[in-house]
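A.B. asks: What follows is a predicted protein model with its sequence.
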Amino acid sequence: MTASDTPLAQRAGILCNDARFQRFAAARSGFDGGQFCASAAAEFLRTFCRVESRRALDTDERARARFNVLTTEFDAWTGRIATHR
């Protein structure tokens, strides 16, 4: 199973346990230099994607689109992809 085959809800769970994402979520929430715990990162993700549960990412197209925006922004923040200057 590749990352693209993994259900989004599962990918979101993995992401929220990533220390880099926890720092990204904290920075995006105004806590520069801080780091969220996994549950705070999950709350940030649910708020950003406008879902009550990460399971909705597997069925809600709008939530899926917001998740894709979030992961793209995270990838840019970590330097995995180039950004416009």
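C.D. replies: Structure received.
A.B. asks: which residues of the chain fall in helices?
C.D. replies: 8-16, 19-28, 38-49, 61-78 (DSSP state H).
A.B. asks: wait, which of those is closest to residue 55?
C.D. replies: helix 8-16 (4.8 Å; CB to CB). Every residue, glycine included, has its C-beta placed from N, CA and C.
A.B. asks: give me the number of residues near residue 33?
C.D. replies: Neighbour count of residue 33, defined by other CB atoms under 10 Å: 7.
A.B. asks: any idea how far it is from residue 23?
C.D. replies: From residue 33 across to residue 23, the span is 8 Å (CB to CB, to the nearest Å).
A.B. asks: In CSV, list the helices of the chain along with distance to residue 55, mean pLDDT and mean neighbour count.
C.D. replies: Converted to CSV, the helices of the chain look like this (distance: least, CB to CB, whole Å; pLDDT from 0 to 100; neighbours: other CB atoms under 10 Å):
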stretch, distance to residue 55, mean pLDDT, mean neighbour count
helix 8-16, 5, 97, 19
helix 19-28, 19, 98, 19
helix 38-49, 10, 98, 18
helix 61-78, 10, 97, 15
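A.B. asks: can I assume residue 78 is in contact with residue 20?
C.D. replies: Yes: the pair residue 78 / residue 20 is scored as a contact, 5.7 Å apart, by CB atoms under 8 Å.
A.B. asks: shouldn't residue 75 be in contact with residue 81?
C.D. replies: Yes: with contact defined as CB under 8 Å, residue 75 reaches residue 81; the gap is 4.7 Å.
A.B. asks: ok, so what distance separates residue 35 from residue 48?
C.D. replies: Looking at residue 35 against residue 48, where the rule is CB to CB, the gap reads 17 Å.
A.B. asks: And residue 20, by the same measure?
C.D. replies: Using CB to CB, residue 20 is found at 16 Å from residue 48.
A.B. asks: go on, residue 63?
C.D. replies: For residue 63 relative to residue 48 (CB to CB), the value is 10 Å.
A.B. asks: Cool, thanks, signing off.
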